[in-house]
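**Student:** Dropping the sequence and predicted coords here.
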Amino acid sequence: MIAEHGEHAPAEADVIVALGGDGFMLQTLHKYREKSKPVFGMKLGSVGFLMNAWRPEDLMSRLDRAEPTLLRPLEISVVSESGTTIEALAFNEVSLLRQTKQAAHIRIFLNGSEKMPELICDGLLVSTPAGSTAYNLSAFGPILPLDSRLLAMTPISPFRPRRWRGAILPSDVELKLEILDHYKRPVSATADANEVRDVIELTVRESRDRTVTLLFDPEHKLEDRIINEQFML
């Protein structure tokens, strides 16, 4: 492909073409987000929900016809036991996971208001619409239409309250998660592939301006595939 089309530095390119699976696509979005270049992916990995089909022979015509899809990542701020505050972005989901055999105890706030004083579980995740068919769906969370401006909050193996299956939230909400008894029940936070250990508090909000653009074949639009996932057996 390089021999046929050439190659340019990302800062000089019109389009970044990512070849791989969804994991590599997420790496590409994080690595080149500040370049503000649209990304066209082709599947060469095991999972390719964020990718187009692999057809190298007609790349230029496909790029001409490709339709843009805007993704809004989640911005997270994590306070750890060491006292440090770490910020990160997540295009798929943010997850809290217990680090030991002890279940996590989590207090949930929305826009400063306490909504659940204690959730006992293996973990909790907050997903974007683009990520709602990934880990979120495996944890029995809802699939969100891409343009819905909603977020999915999904518990992982909830013990108390046992029947709580999560919530669908407006995307402009600010979510704060406090880890209760964090010394005895340590919890880690993961934003896509970035992990922070021994979390005390996590704040999540949808980004307003740190967006990325993916390009898709007209017959392979991400919006359609997200809807179709609801009818997969």
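**Tutor:** Looks like it arrived, so ask away. Numbers count the residues shown, from 1 in each chain.
**Student:** OK, contacts around the residue with the shortest distance to the centre of the chain?
**Tutor:** A centroid search over the chain (C-alpha atoms, centre = their mean) returns Asn92, at 1.1 Å, as the residue closest to the centre. For Asn92, the contacting residues are 26, 127-128, 130-131, 134-135, 192, by C-beta atoms under 8 Å, 6 or more residues apart in numbering. No exception for glycine: its C-beta is placed from N, CA and C like everyone else's.
**Student:** what's the answer for Thr100, then?
**Tutor:** Contacts of Thr100 (C-beta under 8 Å, 6+ apart): 185-186.
**Student:** Can you tell me what sits against the lowest-mean-pLDDT helix or strand in the chain?
**Tutor:** Taking mean pLDDT, DSSP states H and E as the measure, the chain has helix 2-5 as its least confident helix or strand, at a mean of 86. Contact with helix 2-5 is made by 59-60, as judged by C-beta under 8 Å, 6+ apart.
**Student:** Which of the contacts of Asn92 fall in helices?
**Tutor:** 26, 135 (DSSP state H).
**Student:** Let me know the closest of the contacts of Asn92 to Leu74.
**Tutor:** Of all these, the one with the least separation from Leu74 (C-beta to C-beta) is Thr128, at 6.1 Å.
**Student:** Where do the domain boundaries of the protein fall?
**Tutor:** 2-72+211-231, 74-206 (automatic domain parsing).
**Student:** Okay, now the longest one: how far is its last residue from its first?
**Tutor:** Yep, that's domain 74-206 we're talking about. 4 Å (C-alpha to C-alpha, to the nearest Å).
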